[in-house]
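Visitor: Sequence and computational prediction follow.
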Amino acid sequence: MRRIAYGATIILTLGVVAVELLHAPILVVFALTSLALIGLAWVLGQATESLGHHLGPRAGGILNATFGNAAELIITIFALSAGLTEVVKASIIGSIIGNVLLVLGASLLIGGLKNGTQSFSSTIAGINASMLTIVTAALALPTIFVATGAQRGGGGSPTTLSIEVAVVMFVLYILYLVYYFRSPEGAAPTGEGHAPFGRTASFVLLLVATAAVAFVSEAFVGAIEPLTEEFGISALFVGVILVPIVGNIAEHIVGVQIAYKNNMDFSMAISLGSSIQVALLVTPILVFLGPILGHPLDLTFTLLELGALGAAVITTAFVAMDGKSNWLEGAMLVGVYIIAALAFFFSP
C-alpha cells in the first residue's frame, strides 16, 4: 500500500511538470498540484517520522514539532513572495481552526464511535487550550490596534507591531517546547512501529520531498489568483479552507487513525500541537520573511476570521477541560467547522 502511495505521488509530481509545460487549463493545474501536494506532504511526514525514530524520542519529537507543518510553510512562503498576503493570513487562521475543529472533531467522532468514551491527559490538553487562547489574543490585538488607531485618526505601524508580536510568539513556542518535552506527561510520540527507512535514506528522502514540495508549491500558488478570478471563488475561502487542507490532509488522516486506535493523547498532540505550531512558529517565520520578500505581513485580520478563530478556541477549550471525549463532542466540533466554511465560501 505504501509503495502505491509513493508511486502515485511521483506520477502526480511529474504530471505537474507536464501541465506546466503544456499550459493546461487553470482548473486542471490547481487540481493536479493540490493532489501532488497532498501526496508530497504525506511523503514529507513519512521521512520526518522515520528520521525521528532513528534520532530517539526527544530529538525525534523536536524534529516533528519543527517540520510537522513544513509543506504548508513552503506553500505560504511562495504565496507571500507572490504578494498574496491576504491568502497567507487566511491560511494561518484556516490552519488553526481546521486542526482544532475539523481534525480534532473528526478524531473524537470516529474514535468515539469505535471506542465509546475516550480519555486523555487533561493537563496537557489544558495547556494546549490555554496556549491557543493566548494565540487568539496575539492575533486579535494588532487588528484592534489598527481599528482604534483609525478611529482616532492616527496610530503606529501595524507591520512594526506585528513583528514585535511575532517575536513574543516565537519565544512562547520555544518555552512551550521546553515544557512539553520536559514534562512527564508530555513524552513526545514519534509514530508507531519501526522506521521504514534507514537514517541516511530518511534524510535524503526528507531533502528530496522538500525540494519537490517547493517546486509544486510554486505552480499551486501561481494558480490561485487566476482560479479566483475565473470562477469567482473567494480568496478568503481559498486561504482559510483549501490551502490548509492541501498542506495538512496527510497529517489530519493520521490523527483520525490514531484516535480510532484509542490513543487520544497522541491524536490530540497532532491536532492541537499542529495548531500551536502554525500560530507560534509558522506565523512568526512568515512575518519575519515578509520584508525580505518585499511583501511585509501584518497580523491584521477580518472580523469573520477572528470570529471563527475565537469560536474554534472556545469550543475546543470546553471539550478539552475534563480529559474525556465522546462522539457527540466530535460531531459538534465538525459542525462548527462546516458553519465557518460556509461563511467563508459566501464571503465576497
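Guide: Okay, I see it.

Visitor: next structured bit after the worst-scoring helix or strand of the chain on mean pLDDT?
Guide: Counting by mean pLDDT, DSSP states H and E, the weakest-scoring helix or strand in the chain turns out to be helix 57-67, with a mean of 65. Helices and strands here follow DSSP states H and E; after helix 57-67, the next one along the chain is helix 70-81.

Visitor: Show me what the helix or strand following that following helix is packed against.
Guide: Counting by DSSP H and E, the next helix or strand C-terminal to helix 70-81 is helix 85-97. The helices and strands touching helix 85-97, judged by 3 or more Cβ pairs under 8 Å, 6 or more residues apart in numbering; DSSP states H and E, are helix 70-81, helix 122-151, helix 235-237, helix 243-260, helix 264-277, helix 283-293, helix 303-320. Glycine gets a C-beta too; all of them are placed from N, C-alpha and C.

Visitor: Identify whichever of those lies nearest to G94.
Guide: helix 243-260 (4.2 Å; Cβ to Cβ).

Visitor: got a list of contacts for that closest one?
Guide: Helix 243-260 is contacted by residues 34, 37-39, 41-42, 45, 68-69, 71-72, 75-76, 79, 87, 90-91, 94-95, 98-99, 102-104, 106-108, 110-111, 114-115, 118, 192, 220, 266-267, 270-271, 274 when judged by Cβ atoms under 8 Å, 6 or more residues apart in numbering.

Visitor: residues contacting the nearest residue to E230 once chain neighbours are set aside?
Guide: Sequence neighbours aside, I26 is the residue nearest to E230 in space, at 6.0 Å (criterion: Cβ to Cβ, 6 or more residues apart in numbering). Contacts for I26 (Cβ under 8 Å, 6+ apart) come out as 223, 226-227, 230.

Visitor: for E229, same thing?
Guide: Neighbours of E229 in contact, by Cβ under 8 Å, 6+ apart: none.

Visitor: rerun that using 10 Å as the cut-off
Guide: E229 makes contacts with 26, 235, as judged by Cβ atoms under 10 Å, 6 or more residues apart in numbering.

Visitor: What ranges in this protein fall below the confidence cut-off?
Guide: Scanning the chain for pLDDT under 70 picks out 56-62, 64-66, 68, 150-156, 184-194.

Visitor: quick one: the residue nearest the centre of the chain from A140, how far?
Guide: In the chain, the residue lying closest to the centroid (Cα atoms, centre = their mean) is S95, at 4.0 Å. Separation of S95 from A140 (Cβ to Cβ, to the nearest Å) stands at 16 Å.

Visitor: And for G294?
Guide: 27 Å.

Visitor: the more surrounded of these two?
Guide: A140 (18 against 9; other Cβ atoms under 10 Å).

Visitor: Contact partners for the nearest residue to the more buried one once chain neighbours are set aside?
Guide: Of all residues not flanking A140 in the chain, L306 sits nearest, at 5.3 Å (Cβ to Cβ, 6+ apart). Residues near L306 by Cβ under 10 Å, 6+ apart: 93, 136, 139-140, 143-144, 300.

Visitor: what residues are up against S95?
Guide: Counting by Cβ under 10 Å, 6+ apart, S95 has contacts 69, 72, 76, 239-240, 243-245, 247-248, 274-275, 277-279, 282-283.

Visitor: Let me fix that, I meant to ask about E164.
Guide: 142, 287.

Visitor: quick one: the helix or strand it falls within to helix 264-277, angle?
Guide: Secondary structure assigned from DSSP H and E places E164 in helix 158-182. Counting by axes from the mean of the first three to the mean of the last three Cα atoms, to 10 degrees, helix 158-182 lies at 160 degrees to helix 264-277.

Visitor: in helix 158-182, what counts as buried?
Guide: Within helix 158-182, the residues that qualify as buried by neighbour count (16 or more other Cβ atoms under 10 Å) are 158-159, 161-163, 165-166, 169-170, 172-173, 176-177, 180-181.

Visitor: Over to stretch 221-234?
Guide: Buried-residue list, stretch 221-234, by 16+ other Cβ under 10 Å: 221-225, 227-228, 234.
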